[in-house]
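Visitor: compute the structure for the input listed below.
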Amino acid sequence: MTEHTPFRELDADVVVVGGGPVGTTTALTLAQGGLRVIVLEGRAATSLEARATTFHPPTLEMLDELGLAEELIRQGIIAESYQFRDAERGKIVDLEFSVLSEDTRYPFRLQVEQSVMTLMANRALEAHPLAELHNLATVTAVRPQDDHVEVEVVGGPREGVLRARHVVGADGMRSTVRSQLGIGFTGHTYPERFLVTSTSAPLHELLPDIASVNYVADPVDWHVLMRNPSGWRVLFPAPFGEETAEELLSSENVRRQFDRVLPGHDPEKIDWVTLYEVHRKVADSFRAGNVYLVGDAAHVNNPMGGMGMNSGVHDGYLLAKLLVRAGNGEDVDAELDDWARRRREVALDYVGKETEGNWSALRDTDEERRAAQRAAWEALGEDEEARRSFLLTSSMLASLRG
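Guide: As a prediction, this is how the structure comes out:
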């Protein structure tokens, strides 16, 4: 029989690698459940990125339990509906979340930069007596032992080797934790990059019939418009071709792209612009003994629908609840296996398919299929039950059922 390392000889019950939105909410769930947790983040706190901007209803329910939802909602924009539009025809359908009022306490999408929530979670961790948060602490090795895991750290006050009962890898697409375990990360890269801009131009005044979130279909000029507290975020496709990244990011190209949205209008101010590749990849396993993968370390996907960060928060929250029970002496090993299997299924069969389906529908070049898709979207506006079923899926409530 294996002798367990005494509690007093462990540095923490759980080490979380990665201090983004997924890592910090996972750690906060663990600490509030009574476990000692150390979060290791390789970047400085000031380098936290905006990136994801959508919080779905089940994510808000989880954040409410952590004491974060109320303030986050105050700082965000409540999207009571979202639209599918056509670049030439305009609005196709406006999908109101009110049909979900009996399914969730939060029948809306919240639009706010993920960095706002991450900083809130950071403050909560720093104030919690069972939590430590260390920036500029790089994990270089992860070594599972019989009854604990060793984590080698470079930088910060915890430099050296840490020992914990469990390790959670929330360290992104290029996860050191996943690499150390030798877990494969399979999938594909999309045939076009995304050019994402943020502007202070009041698009809601210039296009008065739009919602806070809009998916605009067109075989060439598809795009996405999302309103956030800091302004409007606009996403355009940027196919791989002869144009260099520098040319795509140039002010001339950005203004040319905006001409698709508002012909003849020069946006008053472009606050920032970025270009990135898009992938759909999933780890071959989300668990290896007492080491677990969550968020982008476990799965990355097309951002259409805002499911990536949300799904990662769900991964970590559900895992943390099981680890808290394990810390209280319960045997949850089979449930941890089930968590790993179920979350991988969600990544493959739910998030991956939904986001890729959204992307394909917006850019379809076949007019017969485009007409059928428009008719299907229009039908949602006429059938409340069909609309509710559709929104249960797009809001991710369905991913947590059954």
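Visitor: where along the stretch 201-350 of the chain do the helices fall?
Guide: 203-206, 245-248, 251-261, 308-327, 333-345 (DSSP state H, counting those that start in this stretch).
Visitor: looking at the ones you listed, which is buried most?
Guide: Across the helices of the stretch 201-350 of the chain, averaging neighbours per residue (mean count of other CB atoms under 10 Å) puts helix 308-327 on top, at a mean of 24. Any C-beta I mention is one placed from the backbone N, CA and C, and that applies to glycine too.
Visitor: and the angle from that helix to helix 333-345?
Guide: 180 degrees (axes from the mean of the first three to the mean of the last three CA atoms, to 10 degrees).
Visitor: for helix 308-327, list the C-alpha coordinates in PDB.
Guide: Written as PDB, here are the backbone C-alpha positions of helix 308-327 (Å, rounded to 0.1, in the frame of the first residue of the first chain):
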ATOM      1  CA  GLY A 308     -13.900  29.100 -25.400                       C
ATOM      2  CA  MET A 309     -13.200  31.000 -22.200                       C
ATOM      3  CA  ASN A 310     -16.700  30.100 -20.800                       C
ATOM      4  CA  SER A 311     -16.100  26.400 -21.400                       C
ATOM      5  CA  GLY A 312     -12.700  26.700 -19.700                       C
ATOM      6  CA  VAL A 313     -14.300  28.300 -16.600                       C
ATOM      7  CA  HIS A 314     -16.800  25.400 -16.500                       C
ATOM      8  CA  ASP A 315     -13.900  22.900 -16.800                       C
ATOM      9  CA  GLY A 316     -12.200  24.400 -13.700                       C
ATOM     10  CA  TYR A 317     -15.200  25.000 -11.600                       C
ATOM     11  CA  LEU A 318     -16.500  21.400 -12.000                       C
ATOM     12  CA  LEU A 319     -13.100  20.000 -11.400                       C
ATOM     13  CA  ALA A 320     -12.500  22.100  -8.300                       C
ATOM     14  CA  LYS A 321     -15.800  20.900  -6.800                       C
ATOM     15  CA  LEU A 322     -14.600  17.300  -7.100                       C
ATOM     16  CA  LEU A 323     -11.100  18.100  -5.700                       C
ATOM     17  CA  VAL A 324     -12.700  19.800  -2.700                       C
ATOM     18  CA  ARG A 325     -14.700  16.700  -2.000                       C
ATOM     19  CA  ALA A 326     -11.500  14.600  -2.300                       C
ATOM     20  CA  GLY A 327      -9.800  17.000   0.200                       C
END
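Visitor: now it: how far from the chain's centre is it?
Guide: Relative to the centre of its chain, helix 308-327 is centred 14 Å away, using CA atoms, centre = their mean, to the nearest Å.
Visitor: what does stretch 386-402 give?
Guide: Worked out by CA atoms, centre = their mean, stretch 386-402 lies 17 Å from the chain centre.
Visitor: in a helix, that's where A372 is, yeah?
Guide: Yes: assigned with DSSP: H, G, I helix; E, B strand; the rest coil, A372 falls within a helix.
Visitor: need the contact list for it.
Guide: Contacts for A372 (CB atoms under 8 Å, 6 or more residues apart in numbering) come out as none.
Visitor: ok, now how distant is it from E384?
Guide: Look at A372 and E384: by CB to CB, to the nearest Å, they are 22 Å apart.
Visitor: can you check I183 too?
Guide: 44 Å.
Visitor: tell me where the stretch 151-300 of the chain has strands.
Guide: Remark: strands assigned in the stretch 151-300 of the chain by DSSP state E, counting those that start in this stretch are 160-169, 185-189, 192-199, 213-217, 223-228, 231-239, 270-276, 279-283, 287-288, 291-293, 299-300.
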